[in-house]
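Trainee: Sequence first, then the predicted structure:
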Amino acid sequence: MIPPLAPVRLTQYAHGGGCACKIPPDELERMVAGLTGSLAPGGPLLVGDGDGDDAAVLRIDGGRAVVSTADFFTPVVDDPYDWGRVAAANALSDVYAVGGVPVLALNLLGWPRDALPGELAREVLRGGRDVAALAGCPIAGGHSVDDPEPKYGLAVTGLADPARLLRLDAGRPGLPLSLTKPLGVGVLNARHKATGEVFPEALATMTALNAEASRQALERGAACATDVTGFGLLGHLYKLARASGVTAVVHASAVPYLAGARQAVRDGFVPGGSRRNLAWVSPHTGFGRLAEEERLLLADAQTSGGLLVAGEVPGAPVIGELVARGPNVLEVRP
């Protein structure tokens, strides 16, 4: 009988948690400036060069395209098995966000061998395996390195129909905006990291796959979508509206939040990534008199968030719409 593992607070080994540890979006865009632009009209690369889409899509023949993505991050929860589940769901989401179906994944693991036992890493890998199995996506090995900070995720390959993709630049005026998961994961995870409090609803949200939302979006003719992760709702919506040449209007009162998210902001549990997201989009956003608390929640850095679809998805609230480009790329209304 294998003895139980001693409790370890994995989040204490990370400088940031989950997708909140991403390189800030403005800094990242400067970093890759001039390294994109090879998307030739009519060429095989259909998605993934310049607009910051969730995954790359390459046509391999007339009716098939291959989808490729990679995503990994530092611990977002203390339980190793749950962290593995969240990281796997988050990586798989990039394939769903472009309308694909994952078919194969590889583990990406960084582990501080001198600080944490290998049995904990095994639990992380087990969590990733179990969520990938729910997606019908086998994990076939991967790559690991000795790292002073724990990191985990997946490189995922998927398949898609090149005639039925979800992409950032396909938004058009008049389309509603649907959000398939509530916001607030970032501030609740920040509270978890600081206090050890556990938020089961947030965990359930982060481990839920976006497979059904993607399928329903495609069935209803949607062509434009993204998933909401480290750049927050406003950051990802800004990229979508900018790529599509439209203005995105958000009705703040229609946006759903996890229980406890507002209180977490009031108590000061706001990730640095959420503040950086807000600073990035603010010059391009009309907020009116919207309170700072509401702005931070809309920019909150999510981990394994839902799909943001230009179109209607059954069961998902409509939180805004796309309109003709105005003076701002984003407009937030009460």
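Mentor: That came through, no problem.

Trainee: Going by C-alpha atoms from here, please, whenever you check contacts or count neighbours.
Mentor: Fine.

Trainee: Quick check: the residue nearest the centre of the chain vs Arg191, distance?
Mentor: Computing the C-alpha centroid of the chain and ranking residues by CA atoms, centre = their mean puts Thr229 first, at 2.6 Å. Computed with CA to CA, to the nearest Å, the distance linking Thr229 and Arg191 is 18 Å.

Trainee: Over to Leu179?
Mentor: Look at Leu179 and Arg191: by CA to CA, they are 24 Å apart.

Trainee: Spatially nearest residue to Leu125 (excluding sequence neighbours)?
Mentor: The shortest distance from Leu125 to any residue that is not its chain neighbour, by CA to CA, 6 or more residues apart in numbering, is 6.0 Å, and that residue is Gly84.

Trainee: Is the one you found within a helix or a strand, and which one?
Mentor: When elements are defined using DSSP states H and E, Gly84 is found to belong to helix 80-97.

Trainee: ok, residues contacting the next helix or strand after that helix?
Mentor: Toward the C-terminus, helix 80-97 is succeeded by strand 101-111 as the next helix or strand (DSSP H and E). Outside of strand 101-111, the residues within contact range by CA atoms under 8 Å, 6 or more residues apart in numbering are 72, 92, 95-96, 121, 125, 132, 135-160, 211.

Trainee: likewise stretch 263-282?
Mentor: For stretch 263-282, using CA under 8 Å, 6+ apart, the contacting residues are 20-22, 24-26, 186-188, 190-191, 230-232, 234-235, 238, 293, 295-297, 299-301.

Trainee: Filter the residues you listed down to the ones in helices?
Mentor: 25-26, 186-188, 190-191, 232, 234-235, 238, 293, 295-297 (DSSP state H).

Trainee: which one of those residues has the most neighbours?
Mentor: Neighbours here are counted as other CA atoms under 10 Å. On that basis the top member of the ones in helices among the contacts of stretch 263-282 is Gly186, with 34 neighbours.

Trainee: Would you check that that one makes contact with Asp300?
Mentor: Yes: with contacts defined as CA atoms under 8 Å, Gly186 counts as touching Asp300 at a distance of 5.7 Å.

Trainee: quick one: pLDDT of Tyr54?
Mentor: Not quite, residue 54 is Asp, not Tyr. The per-residue pLDDT reported for Asp54 equals 80.

Trainee: on that earlier part again, kindly calculate the angle that the helix holding Gly84 makes with strand 101-111.
Mentor: For helix 80-97 against strand 101-111, the angle between stretch directions is 140 degrees (axes from the mean of the first three to the mean of the last three CA atoms, to 10 degrees).

Trainee: State the mean pLDDT of helix 80-97.
Mentor: Per-residue pLDDT values across helix 80-97 average out to 98.

Trainee: Domain-wise, how is the chain divided?
Mentor: According to automatic domain parsing, the chain is divided into the following domains: 10-160, 168-333.

Trainee: mean pLDDT for the ones you listed: which is lowest?
Mentor: Note on the domains of the chain: lowest mean pLDDT is at domain 10-160, with a mean of 91.

Trainee: That domain: how far from the chain's middle?
Mentor: The chain centre lies 10 Å from the centre of domain 10-160; the measure is CA atoms, centre = their mean, to the nearest Å.

Trainee: still on that earlier bit, sort out for me which of the contacts of strand 101-111 are in strands.
Mentor: Mapping those onto strands (DSSP state E) picks out 72, 139-146, 151-160.

Trainee: Among the residues you listed, the buried ones, what's the ChimeraX command?
Mentor: Applied in ChimeraX, the following selects the buried portion of the ones in strands among the contacts of strand 101-111 according to 16 or more other CA atoms under 10 Å:
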select :72,139,151,152,153,154,155,156,157,158,159,160
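
Trainee: and the end-to-end length of stretch 327-334?
Mentor: Distance across stretch 327-334, first residue to last, is 19 Å (CA to CA).

Trainee: For Ala225, see how far away Gly326 is.
Mentor: Here the distance between Gly326 and Ala225 works out to 21 Å (CA to CA).

Trainee: higher neighbour count, those two?
Mentor: Regarding Gly326 and Ala225, a neighbour count based on other CA under 10 Å identifies Ala225 as having more, with 32 against 12.

Trainee: Quick check: that one vs Gly110, distance?
Mentor: 31 Å.

Trainee: Report the contact partners of Gly186.
Mentor: When the contact criterion is CA under 8 Å, 6+ apart, the partners of Gly186 are 20, 270-271, 274, 300-303.

Trainee: Recalculate using a threshold of 10 Å.
Mentor: Neighbour list for Gly186: 17-20, 76, 192, 202, 229-230, 232, 261, 264-265, 269-274, 297, 299-303, 305 [criterion: CA atoms under 10 Å, 6 or more residues apart in numbering].

Trainee: what about Val250, which SS state?
Mentor: Secondary structure, DSSP: H, G, I helix; E, B strand; the rest coil: Val250 is strand.

Trainee: Pretty sure it sits against Pro334.
Mentor: Yes: applying CA atoms under 10 Å, one finds Val250 in contact with Pro334, separated by 8.4 Å.

Trainee: intersection of neighbour lists for those two?
Mentor: In terms of CA under 10 Å, 6+ apart, Val250 and Pro334 are both contacted by the residues Phe287.
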